[in-house]
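Asks: Predicted structure and sequence below. I'll ask about it afterward.
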Amino acid sequence: MSNKVIFLDIDGVLVHTGMREPGSMRIEKWDNNCVVRLGRICKVTGAKIVVHSSWARIYKPNELQQMFKDAGLLEHLHPDFAAVGIRDGNPGEKIRSIKFWLSQHPEVSKYIILEDDLIASVKDEPLVWIISGWSKGGLQKRDAEVAIALLS
């Protein structure tokens, strides 16, 4: 098992407003470019993905697994991938849930947080803030390079 983990917020990292169907507020398709970048981070570093997103609360684990399989990322999911259930809009809860998950997985020695919201309560955490985020295209090449450097 990998000792490196990526805590993934799906909205704003793999999904963004440019993917919304006209007249719809719902987005379920992931941006393929962002998926490829995430896959590259995992392949280069050996990191596994843990979902720290409202998607872990909205979708059942088997539904999330299917989404990751459809995206070609299933092999990169941590076995305990859906353990971090969070509520929308509460940065403190996100950090607490990540720290709790880490306390249950002492084998993890390096991790990053891929997040499009700047979590104000994060100090000394390996946060890769996806500046382009929700409105501008999700995970970009420069973000992936930062993530790889932090996990290497």
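Replies: Sure, I can see it.

Asks: Could you report the neighbour count for residue 99?
Replies: 10 (other CB atoms under 10 Å). All C-beta atoms are positioned from the backbone trio N, CA, C, and that covers glycine.

Asks: Next: residue 81.
Replies: Counted with other CB under 10 Å, residue 81 comes out at 21.

Asks: And residue 151, its phi and psi?
Replies: The phi/psi pair for residue 151 (degrees, to the nearest 10) reads phi -90, psi -10.

Asks: so who does it touch?
Replies: By CB atoms under 8 Å, 6 or more residues apart in numbering, the residues touching residue 151 are 4, 6, 41, 45, 47, 110, 111, 112.

Asks: and residue 49, helix, strand or coil?
Replies: strand (DSSP: H, G, I helix; E, B strand; the rest coil).

Asks: Columns distance to residue 74 on top of the contacts of residue 151, output as CSV?
Replies: CSV is the format used below for the contacts of residue 151 (distance: CB to CB, whole Å):
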residue, distance to residue 74
4, 18
6, 14
41, 15
45, 17
47, 15
110, 22
111, 20
112, 20
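
Asks: a markdown table for the residues you listed, including neighbour count?
Replies: Converted to a markdown table, those look like this (neighbours: other CB atoms under 10 Å):
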| residue | neighbour count |
| --- | --- |
| 4 | 19 |
| 6 | 28 |
| 41 | 26 |
| 45 | 19 |
| 47 | 26 |
| 110 | 16 |
| 111 | 21 |
| 112 | 23 |
